[in-house]
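What follows is a predicted protein model with its sequence.
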Amino acid sequence: MRLAPIGRTIGPDSTAPEAVVARSGPGPADCASAALLVIIVVLGFAAGRTLGIKEMGLALAIAVAVDATLVRCLLVLGTMTLLGNLNR
């Protein structure tokens, strides 16, 4: 889905990030739920016996948590808000 056609019909730039998120499919709650499930599954690797598997499980769990919280919830919407008209 392209964001430019949506941006033309939304209105003021202050409400654009929320409108784009609302119209672009799964919402933030769905993204957070999926990330939580992936974190739980990957943390299962951290319970293994091999050190390499434990390290991989912990690293992947941290990476998914950072991606779900910082990148998808804060940086994307914050960047859309700061760019204003350049966002279209």
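Everything's here; your move. It should be emphasised that the depicted structure is a prediction, and the values quoted were computed from it without experimental measurement.

can you pull the buried residues of the longest helix anywhere in the chain?
Ranked by residue count under DSSP state H, the longest helix found in the chain is helix 28-45. Of the residues in helix 28-45, those buried under the neighbour-count criterion (16 or more other CB atoms under 10 Å) are 31, 35, 38-39, 42, 45. Backbone N, C-alpha and C define where each C-beta goes, glycine included.

Please identify the helix or strand for the closest residue to residue 38 other than its chain neighbours.
Taking CB to CB, 6 or more residues apart in numbering as the measure, residue 38 lies nearest to residue 64, with 5.1 Å between them; neighbours along the chain are not counted. Under the criterion DSSP states H and E, the helix or strand holding residue 64 is helix 51-66.

Point out the other elements, helices or strands, that that helix touches.
In terms of contacts (3 or more CB pairs under 8 Å, 6 or more residues apart in numbering; DSSP states H and E), helix 51-66 is packed against helix 28-45.

residues making contact with the helix it packs on?
Contacts with helix 28-45, where a contact means CB atoms under 8 Å, 6 or more residues apart in numbering, come from 21, 26, 53-54, 56-58, 60-61, 64-65, 67-68, 72-73.

I would like a PyMOL command selecting only the buried ones among the residues you listed, please.
Typed into PyMOL, the next command selects the buried ones out of the contacts of helix 28-45 (criterion: 16+ other CB under 10 Å):
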select buried, resi 21+57+60+61+64+68+72+73
